[in-house]
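Novice: Sequence first, then the predicted structure:
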Amino acid sequence: MALSRSKLHIDKEFGLQLKDFRNQYQIKAKDVAAYMEKSAAYISKLEKGEIRQIDKDEFVKMVNYISFSKNGYQLFCERIIGTMNPDALERSTIANNFDWVDRILPIPEEYSYYIKKKAKENSVSFDKLADYINKNDDLDIEFLQEHKIDLASAEKNVWMPYYEADSNAIRRNYIVAKISAKEIEDIVERRVTKTTYLYLYIILYHIYKFQELNKHLILEESTRTNIKRKTNNKLNELKIYTLSDKANAISQANNEMELKTVLNSFDLKNQELMNELIRGIYYLSEQDVEYTNKKLEGIIANLKKDPSFSLAYMALPLDKIFALQPKVKRDFLNSVNELIEKSTNVVEGELEKY
């Protein structure tokens, strides 16, 4: 259950990150301009943050070209998140959108059970919950008027930038949420098993708000702040994290036993498989470290260019080949290399489809 949006909003930091990303892959700005059918001046302004927004599809096409990958957008977002400090991350629109909107998370059974239980306790139907979420009452009238935001026409489920009224330097983000009763029901009844952090957050946050409204007619700002903290704590308890929360939780684990209490079952399985992979490579390294290093360099280069495709290729079922004679295996590898060479001319034309 992924969300989508049409525009990416750009500032100076975003532009600098794009320039660094392009330089990382040693791609010239003029080549990007030619590929995108834009002027060199346009790319220059984009990298200076002078162009305020770009179609997301257009940006994805650009970073896919730069990284020669289907996963250019993911590579770009992961790169900037990895280089930003916590304060910069909180202010970064693209980092928040990647973390809250673009990332797809497995839905723990405990989460669905907890929401169903709390909804029943507070007599909240899925229709009633969706209507309340879609009112976006955290965005008060004064804020909307000050920043000329029309809730009806505003882009939904995407973090948008704004500046404090008394400063052009202090940049913040706001979001207009929208979810249907059916989407909530699908999550709670586990008809879907994956969704965004945004959906998991806003459902739980508004359940807690209903709980408080049963005690108070009006939610004061301090109460909303406490509910947000409570929501974040409960999600972390259920092992549903933002990237920064997850990194913080892992860093605070003092040993492997504590780490197991932090990670969810999906992360634990991933860790187990990663360890098995490392052990397999370790034994190869013990046999011939020079050969293994050479192959690892190739694997890493492939993963940097196109992680999803490279992983899919490495996971092809080779069971029937394992029992064959060494010469047959060598012939097989030679055939694969020939196929790669033959496909190279096709790849250039196919890149437009990425």
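Specialist: Right, received. Where do you want to start?
Novice: residue boundaries of the strands in the stretch 101-250 of the chain?
Specialist: 104-106, 159-163, 171-175, 194-196 (DSSP state E, counting those that start in this stretch).
Novice: residues of the last one that come out buried?
Specialist: For strand 194-196, burial by neighbour count (16 or more other Cβ atoms under 10 Å) applies to Thr195, Thr196. For the C-beta atoms, the positions are set from N, CA and C on the backbone; glycine is no exception.
Novice: In CSV, list the strands of the stretch 101-250 of the chain along with distance to Lys135 and mean pLDDT.
Specialist: Below are the strands of the stretch 101-250 of the chain laid out as CSV (distance: least, Cβ to Cβ, whole Å; pLDDT from 0 to 100):
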stretch, distance to Lys135, mean pLDDT
strand 104-106, 25, 91
strand 159-163, 18, 79
strand 171-175, 14, 81
strand 194-196, 20, 95
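Novice: export the ones you listed to a markdown table and tack on distance to Met62?
Specialist: Formatted as a markdown table, the strands of the stretch 101-250 of the chain follow (distance: least, Cβ to Cβ, whole Å):
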| stretch | distance to Met62 |
| --- | --- |
| strand 104-106 | 23 |
| strand 159-163 | 20 |
| strand 171-175 | 23 |
| strand 194-196 | 24 |
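Novice: what's the spacing between the nearest residue to Asn236 once chain neighbours are set aside and Leu316?
Specialist: Distances taken as Cβ to Cβ, 6 or more residues apart in numbering place Asp245 nearest to Asn236, at 5.9 Å, with adjacent residues excluded. Distance, Asp245 to Leu316, using Cβ to Cβ, to the nearest Å: 35 Å.
Novice: neighbour-wise, which of the two wins?
Specialist: Higher neighbour count among Asp245 and Leu316: Asp245, with 15 against 8, using other Cβ atoms under 10 Å.
Novice: Lys342 versus the more buried one, what's the distance?
Specialist: From Asp245 to Lys342 the distance is 47 Å (Cβ to Cβ).
Novice: follow-up on the earlier one: for Asp288, find the nearest of the strands of the stretch 101-250 of the chain.
Specialist: strand 104-106 (38.5 Å; Cβ to Cβ).
Novice: how far does that closest one sit from the chain's center?
Specialist: Centre-to-centre, strand 104-106 and its host chain are 9 Å apart (Cα atoms, centre = their mean, to the nearest Å).
Novice: can you pull the buried residues of that strand?
Specialist: Leu105.
Novice: quick one: strands adjacent to that strand?
Specialist: Strand pairing for strand 104-106, using DSSP bridges, gives strand 194-196 (antiparallel).
Novice: Residue nearest the middle of the protein, spatially speaking?
Specialist: Arg103 (3.1 Å; Cα atoms, centre = their mean).
Novice: partners of His9 in the sheet?
Specialist: Applying DSSP bridges, one finds that His9 bridges with Gln53.
Novice: Give me the neighbour count for it.
Specialist: His9 has 18 nearby residues by other Cβ under 10 Å.
Novice: Lys38 now?
Specialist: So Lys38, with other Cβ under 10 Å, has 15 neighbours.
Novice: who are the neighbours in contact with it?
Specialist: Val32 (Cβ atoms under 8 Å, 6 or more residues apart in numbering).
Novice: so it is in which element?
Specialist: Under the criterion of DSSP states H and E, Lys38 resides outside all helices and strands.
Novice: Could you pull up phi and psi at it?
Specialist: phi -120, psi 170 (degrees, to the nearest 10).
Novice: With Asp55 instead?
Specialist: phi -60, psi 130.
Novice: next SSE after the helix or strand of the chain with the lowest mean pLDDT?
Specialist: Using mean pLDDT, DSSP states H and E, the weakest-scoring helix or strand in the chain turns out to be helix 86-91, at a mean of 70. Toward the C-terminus, helix 86-91 is succeeded by helix 93-97 as the next helix or strand (DSSP H and E).
Novice: Can you tell me which helices and strands that following helix packs against?
Specialist: strand 7-9, helix 72-83, helix 86-91, strand 159-163 (3 or more Cβ pairs under 8 Å, 6 or more residues apart in numbering; DSSP states H and E).
Novice: Now do the third one: distance to the chain's middle.
Specialist: To tie it back to what came earlier, the one meant is helix 86-91. Counting by Cα atoms, centre = their mean, helix 86-91 comes out at 16 Å from the chain centroid.
Novice: quick revisit: with distance to Tyr114 added, can I get the helices and strands packed on helix 93-97 in a markdown table?
Specialist: Shown next, in a markdown table, are these (distance: least, Cβ to Cβ, whole Å):
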| stretch | distance to Tyr114 |
| --- | --- |
| strand 7-9 | 34 |
| helix 72-83 | 28 |
| helix 86-91 | 27 |
| strand 159-163 | 26 |
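Novice: Quickly note the distance from Glu189 to Ala181.
Specialist: 12 Å.
Novice: who has more neighbours, these two?
Specialist: Ala181 (16 against 11).
Novice: Next, the contact list for the more buried one, please.
Specialist: Ser125, Phe126, Asp127, Leu129, Ala130 are the contacts of Ala181 under Cβ under 8 Å, 6+ apart.
Novice: try it again with 7 Å
Specialist: Contacts for Ala181 (Cβ atoms under 7 Å, 6 or more residues apart in numbering) come out as Phe126, Asp127, Ala130.
Novice: do Ile240 as well
Specialist: Contacts of Ile240 by Cβ under 7 Å, 6+ apart are Leu105, Pro108, Tyr111, Leu200.
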